[in-house]
Every structure is written in structure tokens, then in C-alpha cells.
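Engineer: below are the sequence and a predicted model for it; my questions follow.
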Amino acid sequence: VVNSLDVGGSEKLVVNTVNALDRDKINCFIAYGGNSYLAKELAPEIKTIRISNKPLSLDLRTLKYIVRFIKVISSYNIDLIDGYLFDSTVISAIAAKFSKIPVIEHIAGSLEDLTKKEKIITKLPVIRDVFYNLVDIYVAFVDYHAQELQNVWHIPSKKIKVINYGVDIKKFNPNVKDLRNSFGIDKDAIVLGFVGRLHPVQGISDMLRIFKEIKKSLNAKLIIVGDGEWRKEYEKMAIDLKINKDVIFTGFRDDIPEIMKTFDVFFMTCHKPLVGIAVLEAMAVAKPIITLARDDEEKKMAMETVKP
């Protein structure tokens, strides 16, 4: 279960996980709301169930979504709910409790990046306990996140499992071709690149300002892969900084391994403490990473995420 199948780290993780399952043993469905962009990356036999035309969210439509999930669980004989984002997990977990089936929630980011709803729940013990008791097992991707679950959300350790990220090395490896010529980039230019959702939390504004300083001493290009409602603002910022001729906004792309091969450096200025799938994919293509670590805890988390 995921809020939507729009392009994003958690959404991509859902697709990668489902595609890797042994489908001779597991019959899997993806339930979601809103955009279905990533559905085309699913194996043909994976079935999708659109709960709503809008991304799943805890709002006035929540009861409608819960009823829909109860019907889906019954109709498709669902044995387990596996949630990847807070809103869709809570909605489906309530339905799961009515249907008496277990729930797993994957925690893909730091708890410092809580939404307003999650912050309210975290601060109110009674409400927090009600919500978090809906989930039977929490899956963290690094030890750092597991510790946060215990220290911030007060989840008992017996309900937490750590399963590190994985990357499909058949797709992401040093042998894929690069697209430097396709982008018209001079062979002597240093190419910095980013792949992800264009949103303020990704620190794109900082990235552009840093790149302007880099341009003062290096022949460099910046490729920004992804889209989002902030894209036009970032394109305008590149013009205002007078670096637009050296910054390439590609929008959504399906050839991410080849684009990452084009990078000389994967460049990430995310404001939240997260080393996500895109970083590991870049590493699988043998690219060095430049990212931000705001304190010792984030350095520790980063090292745990990328350990062999």
C-alpha cells in the first residue's frame, strides 16, 4: 500500500520490492491513490488496485477509503498489508484490524522529517499508542532509523526489524552506456547530477547556489532529473543566478541508469537526514557521492546505510 505511484523514493521502493518477490509463492497487489506513473515499471503479472483518483491521505475521505480497503481485503483474500507511507498505512491498517490481518510498515526516512499530522500524533501518547498499535512490525532500512523508532515513537524493539536497501545491479552497474553526447555536453566538462522529486526538502535551491560557486572555477554542467510543482521556480532561479545555460532539467526519465552513468558525481543537498535509493543506485553505477551531513548522527546514519 502506498499513497500514490507518482515518482518518489518510497514509491520506487514499492515497485522494486514487489518486482523482486518470488511470485510463485506470493500473490501481490499494489493498492494506491492518485498518479500511476510508476505502474509501467511493474512486472506484467503484478496487479494494481486504485483506491482513489487522488493520493491517499488522512482527510475527510478517510472513512470512504477504509471501507474501500475492507472490500478489497475481502475480495482479493488479502493475508497481509505492507505499507510504505504514513497516511496510506494508517488507512489500510484500520481496515486490516477490522479484517483481522497483520500489518507491516516500512520507515523510509528519518523521523525528523515528520509531517504535521505525524508530529501531533508523536506528541500525544494516547493517540500515538492507538495509531502505532495498528502496526504489527516496523521495518527500518538502517540502524539509525530503528533507534529513532524506539527513542521518538517509543516502539518496542521486538516490533522493529532492520532490512537494508537493495539495488538491482542488473540495471544499475558500471557497464551501462552514458548519454553525454545526447545531452550535448563537452567531454572535458565535469557533470554533476541529481535524481529525485523537485521539492524544497531536496534542497534544490542550495544545489543551484552551490553550483554557481562551482562554475566560477570549473567547466561544469548540472543535470537535474525529476519533476514536481516546484520545477518552474527552480528553472527561474537558474536563470536569475545566470547558470541556466549549464543546468539541464530533464523532467521524468525512464533511462535513469544511463543518465547516472553520464554523471561524474552524484550531487545531493537534501535537507532531511536521508540517504535513499538514488544514492545507492549512483554508487552501483560507480559514481562518487557528494551530499550533506549536518551533524555526527547523520554521518553515522550515512555510513550505516552504505556499508557493504
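Structural biologist: Here it is on my side, so go on.

Engineer: any regions of the stretch 101-250 of the chain where pLDDT drops low?
Structural biologist: Screening the stretch 101-250 of the chain residue by residue with the criterion pLDDT under 70, one finds the ranges 109-115, 117-119, 121-122.

Engineer: show me where it has its helices.
Structural biologist: With DSSP state H, counting those that start in this stretch applied, the stretch 101-250 of the chain shows helices at 116-123, 125-132, 143-151, 204-215, 231-240, listed in chain order.

Engineer: among these, which is nearest Cys28?
Structural biologist: Judged by C-beta to C-beta, the one of the helices of the stretch 101-250 of the chain that comes nearest to Cys28 is helix 143-151, at 24.1 Å. For every residue, glycine as well, the C-beta is placed using N, CA and C.

Engineer: the closest one packs against which elements?
Structural biologist: Under the contact definition 3 or more C-beta pairs under 8 Å, 6 or more residues apart in numbering; DSSP states H and E, helix 143-151 sits against strand 137-140, strand 160-162, helix 296-305.

Engineer: what segments of the protein are strands?
Structural biologist: In the chain, the strands defined using DSSP state E lie at 29-33, 47-52, 81-83, 103-107, 137-140, 160-162, 190-195, 220-225, 247-251, 265-267, 289-290.

Engineer: out of those, which is closest to Phe183?
Structural biologist: In terms of C-beta to C-beta, the element of the strands of the chain nearest to Phe183 is strand 247-251, at 6.1 Å.

Engineer: related to what we said a few turns ago, nearest to Ile290, of the helices of the stretch 101-250 of the chain?
Structural biologist: Judged by C-beta to C-beta, the one of the helices of the stretch 101-250 of the chain that comes nearest to Ile290 is helix 204-215, at 9.2 Å.

Engineer: re earlier: next, format the strands of the chain as a markdown table and append distance to Glu11.
Structural biologist: Formatted as a markdown table, those follow (distance: least, C-beta to C-beta, whole Å):
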| stretch | distance to Glu11 |
| --- | --- |
| strand 29-33 | 8 |
| strand 47-52 | 12 |
| strand 81-83 | 13 |
| strand 103-107 | 12 |
| strand 137-140 | 16 |
| strand 160-162 | 21 |
| strand 190-195 | 13 |
| strand 220-225 | 15 |
| strand 247-251 | 17 |
| strand 265-267 | 20 |
| strand 289-290 | 22 |
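
Engineer: I'd like those strands as a markdown table, with distance to Pro125 and mean neighbour count appended.
Structural biologist: As requested, the strands of the chain are exported to a markdown table (distance: least, C-beta to C-beta, whole Å; neighbours: other C-beta atoms under 10 Å):
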| stretch | distance to Pro125 | mean neighbour count |
| --- | --- | --- |
| strand 29-33 | 30 | 23 |
| strand 47-52 | 30 | 16 |
| strand 81-83 | 22 | 25 |
| strand 103-107 | 19 | 23 |
| strand 137-140 | 18 | 20 |
| strand 160-162 | 19 | 16 |
| strand 190-195 | 39 | 22 |
| strand 220-225 | 42 | 23 |
| strand 247-251 | 44 | 17 |
| strand 265-267 | 41 | 20 |
| strand 289-290 | 39 | 14 |
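
Engineer: so which of those strands is nearest Leu21?
Structural biologist: Leu21 lies closest to strand 81-83 among those, at 10.3 Å (C-beta to C-beta).

Engineer: what's the average pLDDT for the closest one?
Structural biologist: Confidence over strand 81-83 (mean pLDDT, whole number) is 96.

Engineer: for it, which helices and strands make contact with it?
Structural biologist: Contacting strand 81-83 under the criterion 3+ C-beta pairs under 8 Å, 6+ apart are the following elements: helix 86-99, strand 103-107.

Engineer: roughly how far apart are Tyr138 and Ile91?
Structural biologist: For Tyr138, the distance to Ile91 (C-beta to C-beta, to the nearest Å) stands at 17 Å.

Engineer: for Leu149, that is, sorry about that
Structural biologist: Taking C-beta to C-beta as the criterion, Leu149 is separated from Ile91 by 20 Å.

Engineer: neighbour count: these two, which is higher?
Structural biologist: In terms of neighbours (other C-beta atoms under 10 Å), Ile91 is the more surrounded of Leu149 and Ile91; the figures are 30 against 22.

Engineer: and the nearest residue to the more buried one once chain neighbours are set aside, what does it touch?
Structural biologist: If you skip the residues right next to it in sequence, Ile91 has Tyr65 as its closest partner in space, 4.8 Å away by C-beta to C-beta, 6 or more residues apart in numbering. By C-beta atoms under 8 Å, 6 or more residues apart in numbering, the residues touching Tyr65 are 33, 51-52, 56, 91.

Engineer: distance to Asp143 and pLDDT for the residues you listed - can I get that in CSV?
Structural biologist: Listed next are these as CSV, based on distance: C-beta to C-beta, whole Å; pLDDT from 0 to 100:
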residue, distance to Asp143, pLDDT
Gly33, 32, 95
Ile51, 33, 96
Ser52, 35, 94
Leu56, 29, 94
Ile91, 29, 94
